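Asker: Task: produce atomic coordinates for the following.
(2 chains)
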Amino acid sequence: MTIANATISLEQATEHGLSEEEYANILEILDREPSLTELGIFSSMWSEHCSYKSSKKWLKTLPTEGPQVIQGPGENAGVVDIGDGQAVVFKIESHNHPSFIEPYQGAATGVGGILRDVFTMGARPIANLNALRFGDPAHPKTRHLVSGVVAGIGGYGNCIGVPTVAGEVNFHAAYNGNILVNAMTVGLAPADRIFYSAAAGAGNPVIYVGAKTGRDGIHGATMASAEFNEDAEEKRPTVQVGDPFTEKLLLEACLELMAEDAIIAIQDMGAAGLTSSSVEMAGKGGLGMELDLDAVPVREEAMTAYEIMLSESQERMLMVLKPEAEAKARAIFERWGLDFAIIGRLTTTGRLVINKEGATQADIPIDPMVDQSPEYDRPWEAAPLPAVVDAASVPAPTSLSEALATLMASPDLASRRWIWEQYDHLIMNDTIVRPGGDAAVVRVRDTEKALAMTVDCTPRYCLAHPETGGAQAVVEAWRNLTATGATPLALTNNMNFGNPERPRIMGQFVGCIAGMRAAAAHLDFPVVSGNVSLYNETDGEAILPTPVIGGVGVLTDVSKHATLALKAAGEAIILIGETVGWLGQSLYLREIEGREEGAPPPIDLDTEKANGAFVRGLIQGGKISASHDLSDGGLAVAVAEMALASRGLGAILDIPGDIPGNKPPHAFLFGEDQARYVVTAGDGEAILSEARDAGVPARVIGRTSDDGLLTLLGSDAISLDMLRSGHEGWLPDYMRGA
Amino acid sequence: MKSAIIVFPGTNRERDMALALEQSSGVEPTLVWYTDSELPKVDLIVVPGGFAYGDYLRAGAMASRAPAMRAVVERAENGTAVLGVCNGFQVLTEIGLLPGALMRNAALKFICRNLDLRVETTDTVFTSGYAKGQCLSIPVAHNDGNYYADDATLDRLEGEDRVAFRYVDIEGRTTDVGNPNGSARSIAGVLSENRRVLGFMPHPENATDPALGGVDGKPLFSALVEALS
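Answerer: Residues are numbered from 1 along each chain as shown, chains lettered A, B, ... in the order given. You can find the predicted model right below:
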């Protein structure tokens, strides 16, 4: 067999990000030197981004099963049963490296990629979410990155017409050189009509649909598998360019074809483009594939086999059709003005054969390439649990209400309205709970049901103690769903970390996974899809460990959902859960005292489960008027958010005299103890009595008012207008002129 | 009331519009693909929101050249009611059924939120369900909603009572605060000379269900049903 350009050196292999050992393995698999195209294919497939070589060992330990799970990790997205023959399909994915280099296109194509993952499976996307991390607001690049990322997410989602309903944003200096852009899509599909990627039927044609292939994004997967240095800007050509208009056409054409009995297998071209999609389809089907690259629709002249195979041009799909369905499929795609080309066929050889201009450019046995992809058990160091910060040692603020005002206007707690008003969050006419609450609630058309969805992570907890932080991310997502009245169903995770070759970073990964595993298993909240982004480091400075959890829950009766806004004056404000005043790693400690230290609040999974079930029961029973999860900033921040979301209502808090351990009032108000909710009800005593019966700690801590004030302690009150102006003002003021 | 919704490549609010029309009229609207040069016999034609042709070149510019739009112009000239919402409003100005143009929002950012509007005339099939001066809260979702026309045109529109809606502040006054996209004279909706064509930037179809936070768009649809059935 002759292979074009088979003269590759070890040096070229290392330039492709392969280790000496990995290159030796390639020589053994091929039993000869690879061609340049083959080297490109191997290096992409074996990149950290595509092969999960550092993370696989640990990801396998996560709970992925449950009676509700139709499809767990390993496909384009997870699939979960929501009853009535319907399924929710969802996944989260990072686009971190490209978004730092080119924020608009990086973020836009992140949204485009995750949308494709979901509609490839036969689901119509019904909502987008995003979890964003930026550097210190004072860093000179931060404003530009926020502006570009938000515009990119909006530009793509608004145009394709899928509402962006929820998200989270943090700022921290650890992200100065590596921002995080994690995008999640949630879709709906008939449970018995899910589409998978495993090809079948030797001889069947392989069909390319969508946009044409250009030179953009070549080696994006490899770029996303390395650290940045001062040359990051030079990587701009590896960033893909998105076209949401073409994706809208592709979405409609695919869903139209999926309604016919035509598709055997379908796979979107994401990271590593045609390479990974062809390997994925043939490999899962236990078949071979022969591709004729001269038939691939291209938009640039003289593209080589190497470039076509590694291009990450967007809005493309690979399909295997039932032979008799070809004419019908072609008509659909042509009606939508999209390319439709037969570019190859399935074979029984088990090999990926790439032909171009009459020559074989690559001939690789697929199973060995997939099975022998590297898997590392990287050395790791466990992070010790830091000393617990004694709340009594944390000075009291001069004024509790001033401390609250400072927190509410701090970068991590200020309103995100400036962001979500740039996202169309209403299109499709199903957004029941808009952005700004614990979780968005999106109605399932023609049913009584709705889906609740959220993204969460508290990276400072993960840095302090990865295992606690990993568990906390899961329980917070679970609580946010619960606070709307939803029953949490399953989660998707986006593991964002630094360089796994450093034992300390690998230890963060291993610790976070351990925490997530315990929490997900205990709460029956399995992992159904996910994504790993490593090497988020610049010049040796790693990001905070950021294992983002995207959670989805179901409400069987949408009329029984709760929101956080206070509803009426004179109602009891009830705190559910135990408060000991945990100030270690709290936002209070960081923003008021300038200290980032201590052990994060501990997680008790039994308590989480019991308190959550109790609150969910209250909501579903129509017994409370508002509900809010407690997280960053603790009780005072939660109550302030509930008041600000209302139509001019306030609150008067009575801090009890018997705070456990004689903790000071600021620990009670700003401590970040877990497993807590604030709810309101006309009859507080009735709720307390139910709580006693359920064995759940609950106490009335105040009442709602109509005086436009938030009273924290005695005469220490602040006007809601003042709180609002700081809370709503910070982000627009910061972004002014960006 | 029978209605048709024109669908271009990139249109994305046709489902929202279809839902609102079906709920108010009880009749499922016909979706008309942009290449169709024949329209069904209907009482109302809607050009819905979205990003026809990705808003490439200029919002609404390419869609206005579609075969279906030639048929829409013909029907409009014969008196059929035509409603253009958001991107549809942009298409109707591009094709000349309505005067003026929609430019990039003054702050150069997409805006999605409920805005306060004031009903300026009830003398149309679209607005007869409101009271003159009534204030409404209806969402917008657009990049290019900044209405522009020269002063002579604006004077004429006002003189002929062809301004259907204005953006206002919470007190019902036309102010800069109440007019976030920067529209000339705070104009949110304009009528054709025969008052049978309305271009409207906000999305009444997204304000027809109490579960979604408001029903101020509903009277627009019920008025159409009443007038056109």
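
Asker: Alongside chain B, which residues does the stretch 551-700 of chain A contribute?
Answerer: A:558-559 (C-beta under 8 Å from any C-beta of the partner chain). The C-beta positions use only the backbone N, C-alpha and C, and glycine is treated the same way.

Asker: In the stretch 551-700 of chain A, what residue spans correspond to helices?
Answerer: In the stretch 551-700 of chain A, the helices defined using DSSP state H, counting those that start in this stretch lie at A:587-593, A:605-620, A:634-644, A:665-670, A:684-694.

Asker: Does the residue of chain B most remote from its centre belong to a helix, a strand or coil?
Answerer: Each residue of chain B has a distance to the centre, and by C-alpha atoms, centre = their mean the biggest one is for residue B:171: 23.7 Å. Following DSSP: H, G, I helix; E, B strand; the rest coil, residue B:171 is assigned to coil.

Asker: Kindly report the same for residue B:60.
Answerer: Here residue B:60 takes the coil state, with states given by three-state DSSP.

Asker: give me the element the spatially most central residue of chain A is part of.
Answerer: Nearest residue to the geometric centre of chain A (C-alpha atoms, centre = their mean): residue A:92, 3.7 Å. For residue A:92, the host element (DSSP states H and E) is strand A:86-94.

Asker: Next, the buried residues of the next helix or strand after that strand.
Answerer: Downstream of strand A:86-94, the first helix or strand assigned by DSSP H and E is helix A:96-101. Neighbour counts using 16 or more other C-beta atoms under 10 Å in any protein chain shown place A:96-101 of helix A:96-101 among the buried residues.

Asker: is it true that residue B:21 touches residue B:222?
Answerer: No. Between residue B:21 and residue B:222 there is no contact under C-beta atoms under 8 Å: 11.0 Å.

Asker: When those two are compared, which one has more neighbours?
Answerer: Between residue B:21 and residue B:222, counted using other C-beta atoms under 10 Å in any protein chain shown, the more crowded position is residue B:21 (26 against 15).

Asker: before we move on, the earlier item: what's the closest of the buried residues of helix A:96-101 to chain B?
Answerer: Nearest to chain B among the buried residues of helix A:96-101 is residue A:99, at 18.4 Å by C-beta to the nearest C-beta.

Asker: List the contacts of the nearest residue in space to the closest one that is not next to it in sequence.
Answerer: Nearest residue to residue A:99, sequence neighbours excluded (C-beta to C-beta, 6 or more residues apart in numbering or on different chains): residue A:106, at 3.2 Å. By C-beta atoms under 8 Å, 6 or more residues apart in numbering or on different chains, the contact list for residue A:106 reads A:95, A:97-100, A:149, A:152, A:181, A:239.

Asker: and which of those residues is nearest to residue A:280?
Answerer: Residue A:280 lies nearest to residue A:95 out of the contacts of residue A:106, by C-beta to C-beta, at 19.5 Å.

Asker: Pull out the buried residues from the one helix or strand residue A:24 maps to.
Answerer: Assigned by DSSP H and E, residue A:24 belongs to helix A:20-30. By neighbour count on 16+ other C-beta under 10 Å, the buried set for helix A:20-30 is A:22-23, A:25-26, A:29-30.

Asker: From residue A:679, how far off is residue A:627?
Answerer: 5 Å (C-beta to C-beta, to the nearest Å).

Asker: Quick one: name the residues of chain B near chain A.
Answerer: Counting by C-beta under 8 Å from any C-beta, the residues of chain B close to chain A are B:9-10, B:12-13, B:15-16, B:19-20, B:50-51, B:53-56, B:109-113, B:139, B:141, B:143, B:203, B:205-206, B:209, B:211-213.

Asker: try 6 Å
Answerer: Neighbours of chain A within chain B, by C-beta under 6 Å from any C-beta of the partner chain: B:9-10, B:12, B:16, B:19, B:51, B:54, B:109-110, B:112-113, B:139, B:141, B:206.

Asker: And the helices of the stretch 551-700 of chain A: which comes nearest residue A:190?
Answerer: helix A:605-620 (26.6 Å).

Asker: and the angle from the closest one to helix A:684-694?
Answerer: With axes from the mean of the first three to the mean of the last three C-alpha atoms, to 10 degrees as the basis, helix A:605-620 and helix A:684-694 are set at 140 degrees to each other.

Asker: elements contacting helix A:605-620?
Answerer: Where contact means 3 or more C-beta pairs under 6 Å, 6 or more residues apart in numbering or on different chains; DSSP states H and E, helix A:605-620 is packed against helix A:466-482.

Asker: Go again with 7 Å.
Answerer: For helix A:605-620, the elements it packs on are helix A:466-482, helix A:503-522, strand A:572-576, strand A:677-681, helix A:684-694, judged by 3 or more C-beta pairs under 7 Å, 6 or more residues apart in numbering or on different chains; DSSP states H and E.

Asker: Who are the packing partners of the longest one?
Answerer: Put plainly, it is helix A:503-522. Where contact means 3+ C-beta pairs under 7 Å, 6+ apart, helix A:503-522 is packed against helix A:56-59, helix A:466-482, strand A:487-496, helix A:605-620.

Asker: make it 6 Å
Answerer: helix A:466-482.

Asker: Restricting to C-alpha, output the helix it packs on in PDB.
Answerer: In PDB, the C-alpha atoms belonging to helix A:466-482 read as follows (Å, rounded to 0.1, in the frame of the first residue of the first chain):
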ATOM      1  CA  PRO A 466     -11.800  19.900  46.300                       C
ATOM      2  CA  GLU A 467     -13.900  17.100  47.700                       C
ATOM      3  CA  THR A 468     -16.200  19.400  49.600                       C
ATOM      4  CA  GLY A 469     -16.300  21.800  46.600                       C
ATOM      5  CA  GLY A 470     -17.200  19.000  44.200                       C
ATOM      6  CA  ALA A 471     -20.000  17.800  46.400                       C
ATOM      7  CA  GLN A 472     -21.200  21.400  47.000                       C
ATOM      8  CA  ALA A 473     -21.500  22.100  43.300                       C
ATOM      9  CA  VAL A 474     -23.800  19.100  42.900                       C
ATOM     10  CA  VAL A 475     -25.900  19.900  46.000                       C
ATOM     11  CA  GLU A 476     -26.200  23.600  45.000                       C
ATOM     12  CA  ALA A 477     -27.500  22.700  41.600                       C
ATOM     13  CA  TRP A 478     -29.900  20.200  43.200                       C
ATOM     14  CA  ARG A 479     -31.100  22.800  45.700                       C
ATOM     15  CA  ASN A 480     -31.600  25.400  43.000                       C
ATOM     16  CA  LEU A 481     -33.900  23.000  41.100                       C
ATOM     17  CA  THR A 482     -35.600  22.000  44.400                       C
END
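
Asker: Nice, that's everything, thank you.
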